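Enquirer: structure of the sequence below:
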Amino acid sequence: MKALFTNTYESEFVKTEIAKPTPKKGEVLVKIHASGVNPIDNKIRLGLSPYASPVLPAILGTDLAGVIEEIGEDVTVFKVGDEVYGLAGGVLGLQGTLAEYTAVDADLLAIKPKNLSMKEAAGIPLVLLTAWEGLIDRAKVQKGDKVLVHAGAGGVGHMVVQLAKIFGADVYATVSSQKAEIVKSYGAIPIDKNTTVDDYVNQYTNGKGFDIIYDTIGGQAFDDSLKAIRHYGQISSCYAFGTHTLATSSLRNASIHGVFVLRPMIGNEGRKHHGDILKETTKFIEEGKLKPLIDPRTFTLDNAMEAHKAVSDNSAIGKIVIDIT
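Expert: You can find the predicted model right below:
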């Protein structure tokens with residue numbers, strides 16, 4: 001099979017012919033049709049995520065959509081020919097998805113939504129799972145909750161917004177003026193990202209603060225979340241990697257949840273939960289309740305480096321996806 005190797009950090013990808021993998025016990029062999037590109041993929045390529053980076057040389061890429069071609073021992077939930085998607089590799093010892101085939105733990109996969117293309121499906125897993133873990137598993141969103149999403153038009157953000165609406169919340173999202181229509185189309189109220197915390201807390205919560213805040217940016221956005229949460233509220237963040245003073249939220253008895261979506265792959269714990277979440281997601285998508293936002297540009301294995309640059313230069317409108325097949 002053809003695959004892209006990363007031999008040293010910050011280097012170009014190298015296209016190589018290697019043997020097609022054979023699925024082990026509990027695995028399936030997937031012919032990859034598309035590979036989603038996330039900011040974490042680019043950070044891994046640059047050597048900026050030591051907690052997730054594989055030993056080089058390695059095949060990177062975390063998301064996939066494709067077709068099962070072979071079933072390993074003890075796998076009963078899938079059959080040859082099934083179209084699947086999942087957050088499936090590219091960290092530590094797991095082969096990534098910038099290749100024509102990969103052998104994947106079946107627990108990480110789910111049947112692809114029938115109403116999506118392979119490209120659309122490949123843009124979903126990492127951002128959807130990150131959104132679900134923070135909003136549903138941790139913050140336990142309920143009908144009527146006031147939910148604030150920082151960067152609501154971003155990869156994780158647009159999934160949080162849609163999930164919150166599905167679960168009956170009133171949703172608000174900080175966003176640039178150019179992307180306000182995106183969050184409006186999902187049923188959220190856009191808040192200009194330059195608006196002060198006091199102004200939007202007073203305007204939309206009568207000064208009480210939001211029930212749930214999902215921070216997808218970190219830094220100042222996380223600090224703003226500490227000030228914008230209500231008493232006994234829930235804050236989830238997938239980017240709380242800086243140094244912060246928690247006094248403001250502590251005085252409000254707020255709970256803070258860190259979300260690290262790669263943990264099941266890295267630690268081999270909770271993998272089936274990821275597959276189960278994607279099964280529920282398939283239902284929402286096929287019912288027309290949730291839609292991925294996919295950048296319209298075309299990338300292949302031949303120009304995959306340009307896809308990584310498009311993630312890092314903030315030019316993307318939606319998820320970047322590389323067509324493998």
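Enquirer: what is the neighbour count of residue 323?
Expert: By other Cβ atoms under 10 Å, the residues close to residue 323 number 18. (Each C-beta comes from the backbone N, C-alpha and C, glycine too.)
Enquirer: er, residue 240 actually
Expert: By other Cβ under 10 Å, the residues close to residue 240 number 20.
Enquirer: right, and it touches residue 216 too?
Expert: No - taking contacts as Cβ atoms under 8 Å, residue 240 lies outside contact range of residue 216: 10.5 Å.
Enquirer: nearest to the spatial middle of the protein, which residue is it?
Expert: The centre of the chain sits closest to residue 127, judged by Cα atoms, centre = their mean, with a distance of 1.5 Å.
Enquirer: what sits against the nearest residue to it once chain neighbours are set aside?
Expert: In space, and not counting its chain neighbours, residue 127 is closest to residue 155: 4.3 Å by Cβ to Cβ, 6 or more residues apart in numbering. For residue 155, the contact set (Cβ atoms under 8 Å, 6 or more residues apart in numbering) comprises 38-39, 126-127, 216, 318-319.
Enquirer: and residue 190, that's in a strand?
Expert: Yes - counting by DSSP: H, G, I helix; E, B strand; the rest coil, residue 190 is located in a strand.
Enquirer: what does the closest residue to residue 166 other than its chain neighbours show for phi and psi?
Expert: Nearest residue to residue 166, sequence neighbours excluded (Cβ to Cβ, 6+ apart): residue 289, at 5.3 Å. Note on residue 289: its backbone torsions stand at phi -90, psi -20 [degrees, to the nearest 10].
Enquirer: residue 289 contacts residue 164, correct?
Expert: No - using Cβ under 8 Å, residue 289 is not in contact with residue 164, being 11.8 Å away.
Enquirer: can you give me the helices for the stretch 201-325 of the chain?
Expert: For the stretch 201-325 of the chain, the helices defined by DSSP state H, counting those that start in this stretch occupy 220-228, 247-250, 263-267, 271-286, 304-312.
Enquirer: highest average neighbour count across those helices?
Expert: Across these, the average number of neighbours (mean count of other Cβ atoms under 10 Å) peaks for helix 220-228, which reaches a mean of 21.
Enquirer: contact partners of that helix?
Expert: Outside helix 220-228, the residues that touch it by Cβ under 8 Å, 6+ apart are 148, 150-151, 174, 197, 200-201, 209-210, 213, 215, 235, 237, 239-240, 242, 244, 246, 248-249, 254.
Enquirer: ok, 7 Å please
Expert: Defining contact as Cβ atoms under 7 Å, 6 or more residues apart in numbering, one finds that helix 220-228 is touched by 148, 150, 197, 201, 209-210, 213, 215, 235, 237, 240, 244, 246, 248-249.
Enquirer: can you flag the buried ones in the residues you listed?
Expert: 148, 150, 197, 201, 209-210, 213, 215, 235, 237, 240, 244, 248-249 (16 or more other Cβ atoms under 10 Å).
Enquirer: tell me what residue 58 is bridged to.
Expert: Beta-bridge pairing for residue 58 (DSSP bridges): residue 6.
Enquirer: for it, the count of nearby residues, please.
Expert: 24.
Enquirer: next one: it from residue 48, what distance?
Expert: Distance of residue 58 to residue 48, given as Cβ to Cβ, to the nearest Å: 15 Å.
Enquirer: the longest strand along the chain packs against which elements?
Expert: Of all segments of type strand in the chain, defined using DSSP state E, the longest is strand 27-37. Packing partners of strand 27-37 (3 or more Cβ pairs under 7 Å, 6 or more residues apart in numbering; DSSP states H and E): strand 63-71, strand 101-105, helix 118-122, helix 304-312, strand 320-323.
Enquirer: cutoff 6 Å now
Expert: Applying 3 or more Cβ pairs under 6 Å, 6 or more residues apart in numbering; DSSP states H and E, one finds that strand 27-37 contacts strand 63-71, strand 101-105, helix 118-122, strand 320-323.
Enquirer: so what touches the last one?
Expert: If you take Cβ atoms under 6 Å, 6 or more residues apart in numbering as the criterion, strand 320-323 is touched by 34-37, 119, 122-123, 295, 299-300, 304, 307, 310-311.
Enquirer: show me the domain layout of the chain.
Expert: When the chain is parsed with automatic domain parsing, its domains come out as 2-124+292-323, 127-258.
Enquirer: what's the closest of those to residue 264?
Expert: Residue 264 lies closest, by Cβ to Cβ, to one member of the domains of the chain: domain 2-124+292-323, at 7.4 Å.
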